[in-house]
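Trainee: quick check, what structure comes out for this input:
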Amino acid sequence: MQFAILGAGSLGLLWAGRLARAGHRVRLLMHTPEALQRWQARDSALVLEQDGQQQIFRIPAQLNSVADPFDCLIVATKAHAVAEALAPVYRRLAPGGSVVMLQNGLGSQQYATQLCAPSQVLYASVTDGAWMPRPGHVVWAGTGITRIGDPSAGPCPAWLEELPVSVVDWRWETDMESVLWQKLAINCAINPYTVLHDCANGEVAERAGTDLDTLVAELQSLLIAQGFRGQATELPALVSTVIQRTALNSSSMRQDVQAGRRTEIDYILGYACRAAARHGLETPTLRTLHRRLETHLAMLGLPTN
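Mentor: Numbering: from 1, shown residues only. Presented below is the predicted three-dimensional model:
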C-alpha cells in the first residue's frame, strides 16, 4: 500500500508521521522544485513530536508533476489550493484507490469528487491538534478523532479497515455530509470572531455578545433547510462545548491571518451565505459577519475569497 500526501503543512505531516511510524510506505508530493529542494536539503527528515518525545522519519518526496502511482492520496492542502494541487496528480491514483479530503469548510470536497471520478473520494473531519514550530517538525498537540465517510454511499475501503486506530483514531460515517455541515456551522460561529477580535477560542462568547446566539439560530435554520434537523438541535450546545474545550486554542483562520496567509473564508462563511441564499433564508447576522470579515481581511491586505 503506497500513500501519497498533498500538503506539507501540520496536518499533512502529522498523517505522514503517523503512517510512517506504523510502517506504511508514504511520500510527500511537492508543488514546486524549490519546495522539493528545501525538503531534501533537510535530509527528507520529518520530526514527529508527541508529549515531548521526538521521532525522526525519512519521508521521500517528489514533484506533483512526476509522481509515481499510488494507492491512496491524502489531500491536506487548504481548501482554496485543492484544484491546483490535484490537477497534476489525480490521474496517478491506482485503479480502486482512494482520495481522502481533509479540508475545512465545504466546496473543495465536491470539486474533488467530480474531478477524480470514478475513484472513491472520501470526506473527513479531523479534530487532532497539530502545529509546526519549524519546517519539517510537527507537534501532535492534541489527539483527536478522524470521522470519515463516502458521500456517494460507497463502502469503507479495505485499507482503512486495516488501519489500526492506534495509528489514526478513525470512525466510519454513513452520513458524512451531515458531519461536515455541522462542523461548517461551528466554524462559522467561532472562527470569524477569533479573527475580528484577534482572540483565542475561549473569548468568543464574550467578544461576540448576543450576536453569537442570533448567529447560531440562523445557522440552525440553515442546517434544517439542508435536511439536518438533528444536527441543528445539537448546534447551540456543541458551539458552547467547542469554545470551552478549545479555550486556549487559536482557530485555523486566525492562524492563517497571523501568518499572512489566505484564509478559507469562502469555503466557510461564503459557502454558508450562498447556501442560505439558495434556500431563501433571512440570515442578516451571518451576512453581516461575512462582510465584516471581508473588510477586515482587505484592510490587512489579504484575499477576501
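Trainee: mind listing what's buried in the longest strand along the chain?
Mentor: In the chain, ranked by residue count with DSSP state E as the criterion, the top strand is strand 93-101. Using 16 or more other CB atoms under 10 Å as the test for burial, strand 93-101 gives 93, 97, 98, 99, 100, 101. In short, each C-beta sits where N, CA and C put it, glycine included.
Trainee: show me where the chain has helices.
Mentor: All helices of the chain, identified by DSSP state H, fall at 10-21, 33-41, 82-86, 108-116, 158-161, 176-196, 204-208, 210-225, 229-245, 252-258, 269-278, 284-299.
Trainee: how many degrees apart are the longest one and helix 269-278 in direction?
Mentor: Going back to what we said before, that points to helix 176-196. Here helix 176-196 runs at an angle of 120 degrees relative to helix 269-278 (axes from the mean of the first three to the mean of the last three CA atoms, to 10 degrees).
Trainee: list the buried residues in stretch 153-163.
Mentor: 157, 160, 163.
Trainee: center of the chain - which residue?
Mentor: Taking CA atoms, centre = their mean, the centroid of the chain lies closest to residue 103, which sits 2.8 Å from it.
Trainee: now it: closest residue in space that isn't a chain neighbour?
Mentor: Spatial nearest neighbour of residue 103, chain neighbours left out: residue 79 (4.3 Å); criterion: CB to CB, 6 or more residues apart in numbering.
Trainee: my guess is the one you found meets residue 101, correct?
Mentor: No - the criterion here is CB atoms under 8 Å, and residue 79 misses it with residue 101 at 9.1 Å.
Trainee: intersection of neighbour lists for those two?
Mentor: residue 108 (CB atoms under 8 Å, 6 or more residues apart in numbering).
Trainee: can I get the helices of the chain in a markdown table including distance to residue 54 and mean pLDDT?
Mentor: Below are those laid out as a markdown table (distance: least, CB to CB, whole Å; pLDDT from 0 to 100):
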| stretch | distance to residue 54 | mean pLDDT |
| --- | --- | --- |
| helix 10-21 | 10 | 96 |
| helix 33-41 | 18 | 96 |
| helix 82-86 | 28 | 94 |
| helix 108-116 | 32 | 96 |
| helix 158-161 | 28 | 94 |
| helix 176-196 | 30 | 97 |
| helix 204-208 | 33 | 97 |
| helix 210-225 | 39 | 98 |
| helix 229-245 | 27 | 96 |
| helix 252-258 | 22 | 94 |
| helix 269-278 | 37 | 98 |
| helix 284-299 | 36 | 98 |
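Trainee: figure out which of those is closest to residue 139.
Mentor: Of all those, the one in closest proximity to residue 139, counting by CB to CB, is helix 10-21 (8.0 Å).
Trainee: what does the closest one contact?
Mentor: Contacts for helix 10-21 (CB under 8 Å, 6+ apart): 3, 5-6, 26, 28, 46, 48, 55, 57, 59, 74, 76-77, 102, 126, 128, 130-132, 136, 138, 140, 167-168.
Trainee: just the angle for that helix relative to strand 93-101, thanks.
Mentor: Going by the same axes, to 10 degrees, helix 10-21 makes 130 degrees with strand 93-101.
Trainee: adjust the sequence numbering to begin at 86 for everything that follows.
Mentor: With 86 as the first residue, the last one maps to helix 95-106.
Trainee: any idea how far helix 95-106 is from the chain center?
Mentor: Its chain's C-alpha centre and that of helix 95-106 lie 14 Å apart, by CA atoms, centre = their mean, to the nearest Å.
Trainee: in space, what's closest to residue 327 - neighbours in sequence excluded?
Mentor: Nearest residue to residue 327 in three dimensions, chain neighbours excluded: residue 271, at 5.7 Å (CB to CB, 6+ apart).
Trainee: what about residue 278, how many residues nearby?
Mentor: Using other CB atoms under 10 Å, the number of residues around residue 278 comes to 29.
Trainee: which residues touch it?
Mentor: Residue 278 neighbours (CB under 8 Å, 6+ apart): 284, 289, 292, 293, 297.
Trainee: filter these down to the buried ones.
Mentor: 284, 289, 293, 297.
Trainee: my guess is the residue nearest to the centre of the chain contacts residue 160, does it?
Mentor: Yes - here residue 188 reaches residue 160: they are 7.3 Å apart, a contact under CB under 8 Å.
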